[in-house]
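K.L.:
Give me a model of this one.
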Amino acid sequence: MEIAFRKAVENKPGDASVLAQTADFFVLARRNKDALEFYERAVKLNQPARDEATKNLREKYIRALVANDRKAEAIP
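P.N.:
Sure thing, here's the model as predicted:
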């Protein structure tokens with residue numbers, strides 16, 4: 001599965017939904033560092049939410065920051 005998600009990101013690096021779905025995969029795989037990388041990239045694109053993957057993107061990003069011991073950055 002990881003290869004499929006990484007390939008999707010390679011094909012659509014400017015798509016916040018693809019990045020968020022990839023991050024969600026890594027959260028489920030308990031790979032928080034990898035998840036944070038993709039949430040961070042998705043948030044930086046600053047695209048409007050358009051599906052379930054991006055609906056709560058900022059909240060998922062904040063949870064990823066906390067899971068990676070970056071709590072100070074999680075406070076807006």
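K.L.:
Which pLDDT value belongs to Ala74?
P.N.:
Looking at Ala74, its pLDDT reads 88.
K.L.:
any idea how far it is from Ala49?
P.N.:
Plainly put, Ala74 is 19 Å away from Ala49 if you go by CB to CB, to the nearest Å. No exception for glycine: its C-beta is placed from N, CA and C like everyone else's.
K.L.:
Next: Ala72.
P.N.:
26 Å.
K.L.:
So those two - more neighbours on which side?
P.N.:
Ala49 (14 against 7; other CB atoms under 10 Å).
K.L.:
Tell me the pLDDT of the more buried one.
P.N.:
On the pLDDT scale, Ala49 gets 95.
K.L.:
if I look at the closest residue to it other than its chain neighbours, how far off is Phe25?
P.N.:
Sequence neighbours aside, Lys55 is the residue nearest to Ala49 in space, at 4.8 Å (criterion: CB to CB, 6 or more residues apart in numbering). Lys55 sits 17 Å away from Phe25, taking CB to CB as the criterion.
K.L.:
more crowded one of the two?
P.N.:
More crowded of Lys55 and Phe25, by other CB under 10 Å: Phe25, with 19 against 13.
K.L.:
check contacts around the more buried one.
P.N.:
Residues in contact with Phe25 (CB atoms under 8 Å, 6 or more residues apart in numbering) are Met1, Glu2, Phe5.
K.L.:
so where does it fall, helix or strand?
P.N.:
helix 16-28 (DSSP states H and E).
K.L.:
Starting from that helix, tell me the next helix or strand along the chain.
P.N.:
In N-to-C order, the element after helix 16-28 by DSSP H and E is helix 32-45.
K.L.:
What is the distance between that following helix and the centre of its chain?
P.N.:
Relative to its chain's centre, helix 32-45 lies at 4 Å (CA atoms, centre = their mean, to the nearest Å).
K.L.:
just stretch 63-74 next, same as before
P.N.:
Worked out by CA atoms, centre = their mean, stretch 63-74 lies 13 Å from the chain centre.
K.L.:
Give me the contacts around that stretch.
P.N.:
Counting by CB under 8 Å, 6+ apart, Ala23, Val27, Asn32, Lys33, Ala35, Leu36, Tyr39, Glu40, Ile62 sit against stretch 63-74.
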